[in-house]
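# Predicted coordinates and the sequence they were generated for:
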Amino acid sequence: MIIRVGLIGAGVMGAEHVRVLSTAVSGVEVTAVSDPDADRLAKTVAACPTARPFADPLDLIRDKSVDAVLVASPDQTHGALVLACVAIEKPVLCEKPLAASIDECLKVIAREQALERRLVTVGYMRRFDPGYVEMKRRLDEGELGAALVMHCIHRNATAPPFMTAPMLILNSAVHEIDIARFVLGREVERVTVVTPRKTSLAAIQDPQIVFLEMEDRVVVEAEIFVNAQYGYDVRAELVCEKGTIMLTPPHDVTVAHATRESFSFSGDWRARFAHAYRAELQAWVDGLPRGAQSGASAWDGYVATAVAAAGLKSLASGQAAEVELVPRPGLYA
Ligand code: ISE
């Protein structure tokens, strides 16, 4: 069975998804692409002969040639597009965040509950990264004892001009929020954002340090620095009672030359998480005929947005902010 996917948003991530779906994922065909920028749309469609262009994303969602939708448009459009998909019971994989507002996330959850069916997957791709998967497996195995602290580093070489200080949390730190919940199997209770001296190389408050106080007083500490200049660098070390579990640097080779040993960083997340993106898309496509879900659910998307909202409160006030969650519905047990 071939799943016919319609892609909304042909920007950096959308174009990458089209490339990966067309070259590295089986059982799928991209049949439609939509983007408000006519040139970008034409270019993406030219590179993917199976796809038809759509000016209006809502027409794409309704089109009979589209079995499932992949949303990779700007963050603030996610909620409305996902709601349009679930309104007509079309499965959708939405890039993170699920929605910029908690209200929209709750509407998605309410619709899935009414249908008693999960249709939404959220693109928190780190859940498919072999390093984080192994970190979780080793923790769950129990040999290292209980998790106490998780140290995280999330650095981008440079941020696009539209990046704002709140987006360091809503667009970048949401990955740490989601992966901490995934690895530790605990919810976040409180968030504190600390703002160190800012880099002179950006106009916004960058870096920011995000502290997540999780259930059982496990603490996650994440440095988010989106103009770090030297490359894309994501690290994590989980400190447990009897040892630590650390992600190893993901480069293929270390070069020894002219009295130095060195390796290269990826320019951005597409190369660093290439395996994770491919595995996420393959798992999504494989699960669609059975209605099975393996990635982050609408509930996970809601929680990440709710924790990020507490982070924004803390960023504005300089104080710790409590995370308030609605009760978890049985559909997401
Ligand atoms: C970007 O949107 C991503 O999702 C990347 O994974 C993240 O590292 C980056 O900071 C975000 O801006």
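On my side now, so go ahead.
# At the contact with the ligand, which residues of the stretch 51-200 of the chain appear?
Asn156, Asn171, Ser172, His175 (Cβ under 6 Å from any ligand atom). In short, each C-beta sits where N, CA and C put it, glycine included.
# Could you pull up the residues touching the last one?
If a contact means Cβ atoms under 8 Å, 6 or more residues apart in numbering, then His175 has Lys96, Tyr124, Arg126, His154 as its contacts.
# Give me the distance between the two termini of stretch 287-301.
19 Å (Cα to Cα, to the nearest Å).
# Do any residues in that stretch lie close to the ligand?
No: Stretch 287-301 lies out of reach of the ligand by Cβ under 6 Å from any ligand atom, never closer than 13.0 Å.
# List the contacts of the most centrally placed residue in the chain.
For the chain, the residue sitting closest to the mean C-alpha position, by Cα atoms, centre = their mean, is Tyr124 at 3.1 Å. Residues near Tyr124 by Cβ under 8 Å, 6+ apart: Lys96, Val174, His175, Asp178, Ile179, Phe182, Gly295, Ala296, Asp300, Gly301, Ala304.
# The fifth one contacts Gly131, doesn't it?
Right, the one you point to is Ile179. No: counting by Cβ atoms under 8 Å, Ile179 does not reach Gly131; the two are 10.1 Å apart.
# more neighbours, these two?
Ile179 (27 against 19; other Cβ atoms under 10 Å).
# Next, give phi and psi for the closest residue to the more buried one other than its chain neighbours.
Leaving out its chain neighbours, the residue that sits closest to Ile179 by Cβ to Cβ, 6 or more residues apart in numbering is Arg126, at 4.6 Å. The phi/psi pair for Arg126 (degrees, to the nearest 10) reads phi -60, psi -20.
# which stretch of helix or strand covers the closest residue to Pro166 other than its chain neighbours?
Spatial nearest neighbour of Pro166, chain neighbours left out: Leu312 (5.4 Å); criterion: Cβ to Cβ, 6+ apart. Element membership of Leu312, judged by DSSP states H and E, is helix 298-317.
# helix or strand right after that helix?
With DSSP H and E, the next secondary element past helix 298-317 is strand 321-322.
# what are the pairing partners of that following strand, and which direction each?
strand 188-194 (antiparallel) (DSSP bridges).
# what's in contact with the strand it pairs with?
Counting by Cβ under 8 Å, 6+ apart, 169, 177, 180-181, 208-215, 220, 303, 307, 310-311, 313-315, 319-323 sit against strand 188-194.
# Run the angle between that strand and helix 298-317 for me.
40 degrees (axes from the mean of the first three to the mean of the last three Cα atoms, to 10 degrees).
# pLDDT of strand 188-194, averaged?
Per-region confidence: strand 188-194 scores 98 on mean pLDDT.
# Off-centre distance for that strand?
In terms of Cα atoms, centre = their mean, to the nearest Å, the centre of strand 188-194 is found 19 Å from the chain centre.
# likewise stretch 219-231?
For stretch 219-231, the distance to the chain centre is 16 Å (Cα atoms, centre = their mean).
# same deal with stretch 60-69?
So, by Cα atoms, centre = their mean, the centroid of stretch 60-69 is 23 Å from its chain's centroid.
# Against Ile109, how distant is the residue of the stretch 201-333 of the chain found nearest the ligand?
Going by Cβ to the nearest ligand atom, the ligand is nearest to Trp269 of the stretch 201-333 of the chain, at 3.7 Å. For Trp269, the distance to Ile109 (Cβ to Cβ, to the nearest Å) stands at 27 Å.
# and if you look at Trp284?
19 Å.
# For the residue in the stretch 1-150 of the chain that the ligand sits nearest to, which residues are in contact?
The minimum distance from the stretch 1-150 of the chain to the ligand, using Cβ to the nearest ligand atom, falls at Lys96 (6.3 Å). By Cβ under 8 Å, 6+ apart, Lys96 lies in contact with Val122, Gly123, Tyr124, Asn171, Val174, His175, Asp178, Ala296, Gly301, Ala304.
# Pull stretch 6-20 out as PDB, backbone CA atoms only.
The C-alpha trace of stretch 6-20 is given here as PDB (Å, rounded to 0.1, in the frame of the first residue of the first chain):
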ATOM      1  CA  GLY A   6       0.400  16.200   1.200                       C
ATOM      2  CA  LEU A   7       3.100  18.600   2.600                       C
ATOM      3  CA  ILE A   8       2.200  22.000   3.900                       C
ATOM      4  CA  GLY A   9       5.200  24.500   4.000                       C
ATOM      5  CA  ALA A  10       8.100  24.200   1.600                       C
ATOM      6  CA  GLY A  11      10.600  26.000   3.800                       C
ATOM      7  CA  VAL A  12      13.900  24.500   5.100                       C
ATOM      8  CA  MET A  13      12.200  21.600   7.000                       C
ATOM      9  CA  GLY A  14       9.400  21.000   4.500                       C
ATOM     10  CA  ALA A  15      11.900  20.700   1.600                       C
ATOM     11  CA  GLU A  16      13.900  18.300   3.700                       C
ATOM     12  CA  HIS A  17      10.900  16.200   4.400                       C
ATOM     13  CA  VAL A  18      10.000  16.000   0.700                       C
ATOM     14  CA  ARG A  19      13.600  14.900  -0.100                       C
ATOM     15  CA  VAL A  20      13.600  12.300   2.700                       C
END
